[in-house]
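Visitor: would you be able to build a 3D model of this:
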Amino acid sequence: SMPTAAQQTIGSTEVITASNVTSTQQSTVRFGTAVTSSMSVAPQQSNGTSVTVTISIVPTTAQQTNGSTGTTTLSNHSTVPQLTSRTLTNVSTATQEMSSSEVSKSTNVPSPSVNVSATTSTLTTMSVQLTTTASASGPVFKDLTLRFTNENYDKSLDNKSSPLFKEIEQKINDSLWPVFKRQFGDRFKGIEVENLRNGSIVAQIKLLFANESVSPSSTEIVKTVYNNAYGENKTIGSLNLDVFSIMSSNITITNLDAVVVNITFIIQDIFNSTMSNPASESYIYLSSNTIPWLSALLSEVLNGTVFGYPSLTFSDSNQWIQTICQFSVNATAFLDPSTVLAAIMRKANNLNYTIIKTSTFVNGLKIAFDEFPLTMSIRNRTFTSDFANRTSQQFRQLSQVIETTTRTIFASEGVIEAIVYYYMNESFLVSLSIFFTKGAINDSTIRQTLVNNIRQFTDLNVDPASIIPIDGVNISFILNNTIYQQDLTNSSSQPYSNLSTEILKWLQPTLVPYYRNTLMKFPLILFSNVSQLVQATVQYQVNATPAVNASEVLSSLVLKRSTLTFDFIVSSLTVNNVTPNVVIFPLSLRVTNVLFDNSLLDKSSSNYRNLTGRLLNALYKILSNRQPFVEVVVKDYRNGSVYADLFPTYWSGNVTNETVRSDIYNGLNTLQQADLEVDPRSFIDISSTQSPTTSNMLTTTAATTTTTTT
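Guide: Here you go, the predicted model:
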């Protein structure tokens, strides 16, 4: 045989055969004739998506179809059905969701014609290979082969119009439809039973998905079927399944793509440079604890086997040990990062070292928690340089006492962990963060509980006034785009001095008109780490209690924001526990043309800063036209391609959740000008929204987020 290529638009698969061809003739071959010669193919032209058709003559009568893209070998009596709305028995809604042009491409395609030059007369069948150029916006088929053991083959199943074929087809649809709909949601559109053959019954099936960009891999398809076949007979719906027959594009349960698991966490121990060398004793010691622990954990959670040698690196994270590892696992289960995270939390105590649980990520996902930073003053300790060094014995011993006692006090309150980050020489202050399960407790309860149990800090004279501040002026805020650094714990360092000076230039002249000579000079300024940003806490003492309205002070501070050399998050500003009267509308935007990587978890990285700068510049242009707009804050980024979790913020007024999302929807062009392709389905119900005049948007639905007021 001598296959050549041709361009032809084909919306479905048909039998291509030829008859009555002599060695000297050129003729056009259409569907339904008998093949007697080898053929060459001339190009055909039509509108729409191009399909490469390669025809070769092969001596076989077998029939095998491998997906919407693959090779179909056909006998001269076989037929492969076209996709029509009738054969998609369970997807009447699916075809309604597609545009009329998409349905036309899928269902009403004319039979293609092929030019044939005869050279021999010995072969009787031919192979047709269709390679489609996938469209990101058009529907796409994925193939699936299944063998059902509780159904018997009958020759009438060769006829798709027979009652028995229709009965089996309906059983397949009823069994598989809920499985794939539950797994893939609106991405899944329908099922086509292509043919049924002997053995007991082997079904060739096509699965319809919305478009190529959202269609699952063959491994995902095989796993979906396998994990929904239950019991001794491996029943799925009303059909008993031979699980070893499950196949999609040559993928079976025996050759699934590996599950790749990326895990990162910080070990609360001192890093040294030899840990970067895999041949060093320190590296070998850590890896001999880490790899067996995680390998056993992943094998248990995924019911699979880790293969190959995992990738493992250790690096410096503020003198502690940043751990990054990657595992490949042979498993039939789907990876659920939250399940792996939960297992890590449960089994973290089985190690010879301590990990910071809240620093743990699995494939970009971390546990949900609330962090409460606070400072405590210890009156019976004298600060020395040893306490400024995490590697010192003094730092480690005292930190262990404080952390253990804190966990004991809150053992019944959903505490995850307590971390001492540093000590400061002003009245021997301890910077402590306590982490709790999301929503388990609030800041005032934590402080009161600590004061009530202060005697549990054995041999430590903790000043309760440092936990629940005395009367004065207490101002707190988070600096936007200012990355936390360790030097900010040292009041004699240049970074501490520079930032403190700029803050006081803002606060002092604003506060004096309200507090006058009651305001004591030289406030205590503390800097702490909140999601890599700097939280500033400024504690003024007063020698009297003036009648000052904290709301007025807060408003004055906000009004002077534009004169500052730094930026702060307005919604984070508090004055004596009074917060701004703002409304926050949390939402997530999915940026489809940016790929997620771990650098987007690091707010100091150039990748994070570049993406954040482009995103915020575009959003400020879009949202600032609607008053009373305040700010947009990027909380963090997540995988998929990249989800940006945002906090658009407004002064309380007539702005609603819907108007914010509508403004962003109508400003998608501004985001595109910043080279940001945003999927509108990630933040708005498009079906009920008027389309932007200059954007061609998909018609689909997405969940909205409820309004949160702070």
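Visitor: what's the neighbour count on N198?
Guide: 12 (other CB atoms under 10 Å). For the C-beta atoms, the positions are set from N, CA and C on the backbone; glycine is no exception.
Visitor: the stretch 551-700 of the chain: helices as residue ranges?
Guide: Remark: helices assigned in the stretch 551-700 of the chain by DSSP state H, counting those that start in this stretch are 606-623, 657-666, 668-673.
Visitor: phi and psi next, for the nearest residue to S215 once chain neighbours are set aside.
Guide: Distance criterion CB to CB, 6 or more residues apart in numbering; nearest residue to S215, sequence neighbours excluded, is F209 at 3.9 Å. Main-chain dihedrals, F209, degrees, to the nearest 10: phi -120, psi 160.
Visitor: was I right to think F209 contacts P139?
Guide: Yes - applying CB atoms under 8 Å, one finds F209 in contact with P139, separated by 6.8 Å.
Visitor: shared neighbours, those two?
Guide: Contact criterion CB atoms under 8 Å, 6 or more residues apart in numbering; residues shared by F209 and P139: K189.
Visitor: pipe the helices of the stretch 551-700 of the chain into JSON lines and attach mean neighbour count and mean pLDDT per row.
Guide: As requested, the helices of the stretch 551-700 of the chain are exported to JSON lines (neighbours: other CB atoms under 10 Å; pLDDT from 0 to 100):
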{"stretch": "helix 606-623", "mean neighbour count": "17", "mean pLDDT": "95"}
{"stretch": "helix 657-666", "mean neighbour count": "19", "mean pLDDT": "93"}
{"stretch": "helix 668-673", "mean neighbour count": "16", "mean pLDDT": "95"}
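Visitor: where does this structure dip in pLDDT?
Guide: 1-137, 426, 469-471, 543-546, 685-710 (pLDDT under 70).
Visitor: contact partners for the spatially most central residue of it?
Guide: The centre of the chain sits closest to N639, judged by CA atoms, centre = their mean, with a distance of 3.1 Å. Residues in contact with N639 (CB under 8 Å, 6+ apart) are N363, G364, L365, F596.
Visitor: repeat that for A418.
Guide: I402, E403, T406, R407, F410, L432, S433, I434, F435.
Visitor: quick one, what contacts P310?
Guide: Per CB under 8 Å, 6+ apart, neighbours of P310: I291, L294, S295, C325, Q326, F327, S328.
Visitor: go on, S377?
Guide: Counting by CB under 8 Å, 6+ apart, S377 has contacts S427, F428, L429, V430, V462, D463, A465, S466.
Visitor: host element of the first one?
Guide: Assigning secondary structure by DSSP states H and E places S427 outside every helix and strand.
Visitor: do the same with the fourth one
Guide: Secondary-structure element containing V430, defined by DSSP H and E: strand 429-437.
Visitor: quick check, distance from stretch 362-377 to the centre of its chain.
Guide: 19 Å (CA atoms, centre = their mean, to the nearest Å).
Visitor: scratch that, stretch 436-445 is what I was asking about
Guide: So, by CA atoms, centre = their mean, the centroid of stretch 436-445 is 26 Å from its chain's centroid.
Visitor: how long is that stretch from one end to the other?
Guide: This stretch, stretch 436-445, spans 12 Å end to end (CA to CA, to the nearest Å).
Visitor: stretch 486-502 now?
Guide: 19 Å.
Visitor: identify the residues contacting S466.
Guide: So S466 contacts T375, M376, S377, S427, L429 (CB under 8 Å, 6+ apart).
Visitor: quick revisit: quick one: which two of the contacts of A418 are the most distant?
Guide: Spanning the widest gap among the contacts of A418 are I402 and F435, at 14.3 Å by CB to CB.
Visitor: excluding its backbone neighbours, what's nearest L479?
Guide: Per CB to CB, 6+ apart, closest to L479 is V534, 4.5 Å.
Visitor: got the contact list for the helix or strand containing the one you found?
Guide: V534 belongs to strand 533-541 when assigned by DSSP H and E. Residues outside strand 533-541 that contact it (CB under 8 Å, 6+ apart) are 373, 375, 469-470, 472-484, 488, 499, 503, 507, 511, 515, 519-520, 523-529, 568, 572, 603.
Visitor: contacts only, for the residue nearest to S215.
Guide: P139, V140, F141, K142, F184, R187, F188, K189, S215, P216.
Visitor: can I get the contacts of N639 in CSV with neighbour count and secondary structure?
Guide: Output for these, formatted as CSV (neighbours: other CB atoms under 10 Å; DSSP: H, G, I helix; E, B strand; the rest coil):
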residue, neighbour count, secondary structure
N363, 18, coil
G364, 19, coil
L365, 15, strand
F596, 17, coil
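Visitor: for D242, state which of these is nearest.
Guide: Among the contacts of N639, and counting by CB to CB, the member closest to D242 is N363, at 32.3 Å.
Visitor: who's in contact with stretch 160-175?
Guide: Here stretch 160-175 has contacts from 79, 81, 89-90, 146, 151, 154, 156-157, 159, 191, 193, 195-196, 201, 203, 205, 236-239, using CB under 8 Å, 6+ apart.
Visitor: got it, and stretch 298-305?
Guide: By CB under 8 Å, 6+ apart, stretch 298-305 touches 259, 261, 306, 327, 329-333, 335, 339-340, 343.
Visitor: among those, name the ones in strands.
Guide: V259, V261, V306, F327, V329, N330 (DSSP state E).
Visitor: out of the residues you listed, which two sit at the greatest distance?
Guide: V261 and N330 (12.0 Å).
Visitor: for the residue nearest to L479, give its distance to I569.
Guide: V534 sits 11 Å away from I569, going by CB to CB, to the nearest Å.
Visitor: quick revisit: so which of the contacts of P310 is the most crowded?
Guide: Neighbour counts for the contacts of P310 peak at F327, which has 25 neighbours (criterion: other CB under 10 Å).
Visitor: does that one touch A296 like I think?
Guide: No - using CB under 8 Å as the test, F327 is too far from A296 to be in contact (11.2 Å).
Visitor: hmm, who's touching stretch 357-367?
Guide: 261-266, 335, 337-338, 340-342, 344-345, 348, 369, 371, 416-417, 435, 596, 598, 601, 638-639.
Visitor: how close does E417 sit to Y515?
Guide: E417 is 39 Å from Y515, by CB to CB.
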